[in-house]
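S.K.: Task: produce atomic coordinates for the following.
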Amino acid sequence: MTTTSSSAQGAPVDASVRRRRWLGAGVAGLAVAAGAGFSWWRRPGAGEGALDPAQAQALWALKFERPGGGELALADFKGKPLLINFWATWCPPCVEELPLLDRFQRENSAKRWQVLGLAIDQPSSVARFLGKTPVSFPVGLAGLEGSELGRSLGNETGGLPFTVVIAEDGRVIQRKMGQITPQELALWSRSG
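M.R.: Residues are numbered from 1 along each chain as shown. Have a look, this model is predicted:
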């Protein structure tokens with residue numbers, strides 16, 4: 001049995017026609033969202049490219065406390081290929097990718113690569129987590145300052161995990177919102 005309703009002009013509209021219209025509208029909406037996302041990613045400053053001088057100076061001047069005590073200065077990483085990963089203990093994809101990042105650090109440290117984890121989390125939660133699941137790369141307690149740093153590097157939504165890859169010469173060569181893959185890390189390691 002087919003149901004009908006009246007259109008704006010008073011003529012009956014078949015239910016299958018309505019479904020097709022809704023489907024068409026849904027596909028169009030997805031296309032608009034995908035296009036907006038692509039244009040955001042391709043806009044100047046969102047993808048690859050050099051940090052502007054003020055942004056670079058602010059980045060390399062940052063310092064963060066370490067979960068086990070002491071200080072982590074980003075200036076210590078300047079001039080090396082650097083993968084900065086913003087993460088939190090309460091973020092399942094963040095936790096899932098940490099062993100992958102740890103392996104990447106161990107396998108590529110001879111090539112001067114450095115992984116840096118910036119935890120957007122409570123210090124006690126990070127210390128407890130790293131006590132159970134240690135990593136070989138340095139971790140900084142970034143908190144809200146880390147969220148602002150992430151935004152300045154292109155993470156406008158503040159989502160996690162978020163990864164930024166900076167080449168030896170200071171160019172941002174990759175930004176990734178979401179969990180990384182071994183294939184992405186292999187590709188990035190050749191471009192640093």
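
S.K.: Can you list phi and psi of the residue most central in space within the chain for me?
M.R.: In the chain, the centroid-proximal residue (Cα atoms, centre = their mean) is Phe162; its distance is 1.9 Å. Phi and psi for Phe162, reported as degrees, to the nearest 10, are phi -140, psi 130.

S.K.: Might one say that it is in contact with Met177?
M.R.: Yes: the criterion here is Cβ atoms under 8 Å, and Phe162 meets it with Met177 at 5.6 Å. Bear in mind the C-beta positions are built from the backbone N, C-alpha and C, glycine included.

S.K.: Could you list the buried residues of stretch 185-192?
M.R.: By 16 or more other Cβ atoms under 10 Å, the buried positions in stretch 185-192 come out as 185, 188-189, 192.

S.K.: So in terms of bridging, what pairs with the residue nearest to the centre of the chain?
M.R.: Beta-bridge pairing for Phe162 (DSSP bridges): Phe86, Met177.

S.K.: quick one: contacts for it?
M.R.: By Cβ atoms under 8 Å, 6 or more residues apart in numbering, the residues touching Phe162 are 85-86, 150, 155, 175-177.

S.K.: closest to Arg106 among the residues you listed?
M.R.: Asn85 (14.9 Å; Cβ to Cβ).

S.K.: quick one: the closest one and Pro161 touch, right?
M.R.: Yes: with contact defined as Cβ under 8 Å, Asn85 and Pro161 form a contacting pair (6.2 Å).

S.K.: Give the intersection of the neighbour lists for those two.
M.R.: By the contact definition Cβ under 8 Å, 6+ apart, Asn85 and Pro161 are jointly contacted by 94, 97.

S.K.: about what we covered before: what distance do you get for the residue nearest to the centre of the chain to Ser124?
M.R.: 23 Å (Cβ to Cβ, to the nearest Å).

S.K.: Repeat that for Ala50.
M.R.: As judged by Cβ to Cβ, Ala50 and Ser124 stand 38 Å apart.

S.K.: before we move on, what SS does Ile84 have?
M.R.: Following DSSP: H, G, I helix; E, B strand; the rest coil, Ile84 is assigned to strand.

S.K.: residue contacts, it?
M.R.: Residues near Ile84 by Cβ under 8 Å, 6+ apart: 116, 118, 153, 163-166.

S.K.: picking up where we left off before, Ala50 and Ser124 - which one has more neighbours?
M.R.: Higher neighbour count among Ala50 and Ser124: Ala50, with 14 against 10, using other Cβ atoms under 10 Å.
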